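[1] sequence isn't available, so here's the structure alone:
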Ligand code: GRF
């Protein structure tokens, strides 16, 4: 069975790119990205999707109230018979209706070792806190902020002479490794959620 994926984006789309490439190279099998949805008209991620022949949809938040906006997203997800929803640099809170409809089938990538440094500018938060180890997390999405069960994490060192930008780039490189890996595990049926623990059959 092919897992039908939808991706929500707001900007650059480098994580989307890593996942599209992993599907094309056959690292992720039995999966297709059917649609990419953005809340920003000019998100470069939309162009990346089109370059790969994937439908790219801009849903204008200015045209709907909160509830209607969630319904508009749900409509697109249903239309494309979505099995798995990926948030990849989607800078907007996802409504509870969507979370409920896709419980345990929504993933997000966050640029910190959760539960440290939730929310925006996680790399800046980590850098300014002075941690010696930073990293990234792929997790399932629940109703809280960056709080769902953790699927995979990867750490990177913070080195003498680093700037926030250098650290951010070091983390991003690992995001592009663990996000495709988490999607592969899902599509191979190797993720089992037991309470807060995600057991990975690797
Ligand atoms: C990444 O750092 C991701 O962890 C965070 O937003 C950024 C998105 O980058 N959620 P991109 O759009 O995938 O290039």
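    Good, I have the coordinates. Everything numeric here is computed off the predicted structure, so don't read it as measured data.

[2] for this structure, give the residue positioned nearest to the ligand.
    residue 89 (2.7 Å; Cβ to the nearest ligand atom). Bear in mind the C-beta positions are built from the backbone N, C-alpha and C, glycine included.

[3] confirm that that residue sits in a helix.
    No: according to DSSP: H, G, I helix; E, B strand; the rest coil, residue 89 belongs to no helix; its state is coil.

[4] residues touching it, list them.
    Residue 89 sits next to 9-16, 45, 109 when contact means Cβ atoms under 8 Å, 6 or more residues apart in numbering.

[5] so which of those residues is the closest to residue 171?
    Using Cβ to Cβ, residue 109 is the member of those that sits closest to residue 171, with 10.2 Å.

[6] for that closest one, grab the count of nearby residues.
    Residues contacting residue 109 under the criterion other Cβ atoms under 10 Å number 24.

[7] how far off centre is stretch 146-157?
    Offset of stretch 146-157 from its chain centre (Cα atoms, centre = their mean, to the nearest Å): 12 Å.

[8] buried set for it?
    Residues of stretch 146-157 classed as buried: 146, 148-154, 156 (neighbour count, 16 or more other Cβ atoms under 10 Å).

[9] quick check: mean pLDDT across that stretch?
    For stretch 146-157, the mean pLDDT works out to 98.

[10] ok, residues contacting it?
    By Cβ under 8 Å, 6+ apart, the residues outside stretch 146-157 that reach it are 107-108, 110, 113-115, 118-119, 132-142, 167, 170-171, 173-174, 177-178, 181-182, 185, 191, 193, 195-198, 200.

[11] recalculate using a threshold of 7 Å.
    If you take Cβ atoms under 7 Å, 6 or more residues apart in numbering as the criterion, stretch 146-157 is touched by 107, 110, 113-114, 118-119, 132-142, 170-171, 174, 177-178, 181-182, 191, 193, 196-198.

[12] just the buried subset of the contacts of residue 89, please.
    Among the contacts of residue 89, the ones that count as buried by 16+ other Cβ under 10 Å are 9-11, 13-16, 45, 109.

[13] near the ligand, which of those residues show up?
    Filtering the buried ones among the contacts of residue 89 for proximity to the ligand by Cβ under 6 Å from any ligand atom leaves 11, 13-15, 109.
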